[in-house]
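Asker: Next one to model:
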Amino acid sequence: MEVAGPSSGRDSVSEKKQEVILKEEDETTFDYEQQEEEEKEDNFVPGPLLPLKEQIDKDKEDESLRRWKEKLLGCLESDSNGQMEPEVKFHSIGIVSSDFGEISTPFPINEDSQSKLILFALQEGSEYRLKLTFSVLHNIVSGLAYTNTVWKGGIQVDQSRGMLGTFAPRREPYVHTLEEETAPSGVLARGVYTAILKFEDDDKRRHMELNYSFEIQKRR
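Answerer: Okay, the predicted model is just below:
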């Protein structure tokens with residue numbers, strides 16, 4: 001039977017200290033990288049916009065690509081009125097749930113009543129999706145994404161992010177349903193929540209910011 005010598009305990013303590021040091025270094029590196037990413041976002045400068053006609057003519061030597069662009073964009077060139085800045089115009093926001101089907105609220109919503117607006121009420125534990133109807137005007141909007149931040153009693157309790165995609169201008173509105181979410185459950189989860197829903201594109205243009213409220217109720 002082998003008996004560990006006195007050095008074994010010291011080696012074990014030394015290894016644990018080394019693990020703690022390495023862990024602290026990893027955490028420091030993570031925080032630094034996160035800060036670096038935030039600084040990059042703050043210093044972001046969007047690229048130049050191109051009119052629809054230039055985008056159509058850019059690859060005119062490629063016949064198949066030219067035809068695809070004309071099909072996608074050509075019919076709306078006359079509707080741009082010389083404007084290059086893309087505009088996303090939201091028509092309605094709705095909620096889809098197995099509890100009650102679908103409820104839709106048209107825009108515009110009075111700004112003074114936005115923060116007091118109870119957009120919907122859900123039973124605890126319900127699954128639901130937000131549904132948006134919107135139009136894209138003047139130019140292509142690239143990388144349209146959303147952030148939905150939720151508070152209860154002044155404390156942030158949730159934040160979800162998602163990508164809608166890239167959309168070309170067209171006469172027919174787009175209809176997009178966001179990712180499914182589940183309402184919280186339990187006595188403490190019931191009550192009124194406030195939220196801010198924001199939509200931005202790759203060039204950091206803010207296309208909409210909606211302040212709203214919703215209620216979680218006891219399941220019947």
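Asker: what stretches of this structure score poorly on pLDDT?
Answerer: Scanning the chain for pLDDT under 70 picks out 1-63, 65-82, 110-116.
Asker: Please, where are all the helices along it?
Answerer: Secondary structure of the chain (DSSP state H): helices at 7-42, 52-57, 63-73.
Asker: Name all residues that make contact with F120.
Answerer: I95, S97, I103, Y128, F214, E215 (C-beta atoms under 8 Å, 6 or more residues apart in numbering). C-beta here means a position set from N, CA and C on the backbone, and glycine is covered the same way.
Asker: ok, the last one touching Q123?
Answerer: Meaning E215. No. Contact criterion C-beta atoms under 8 Å: E215 and Q123 do not qualify, at 10.0 Å.
Asker: how near is S126 to A145?
Answerer: Distance, S126 to A145, by C-beta to C-beta, to the nearest Å: 25 Å.
Asker: Who has more neighbours out of those two?
Answerer: The residue with more neighbours, out of S126 and A145, is S126; 19 against 14, by other C-beta atoms under 10 Å.
Asker: Next, the more buried one: phi, psi?
Answerer: The phi and psi values for S126, taken as degrees, to the nearest 10, are phi -70, psi 150.
Asker: Can you give me every residue that contacts it?
Answerer: Taking C-beta under 8 Å, 6+ apart as the test, what S126 contacts is S97, S98, D99, T182, A183.
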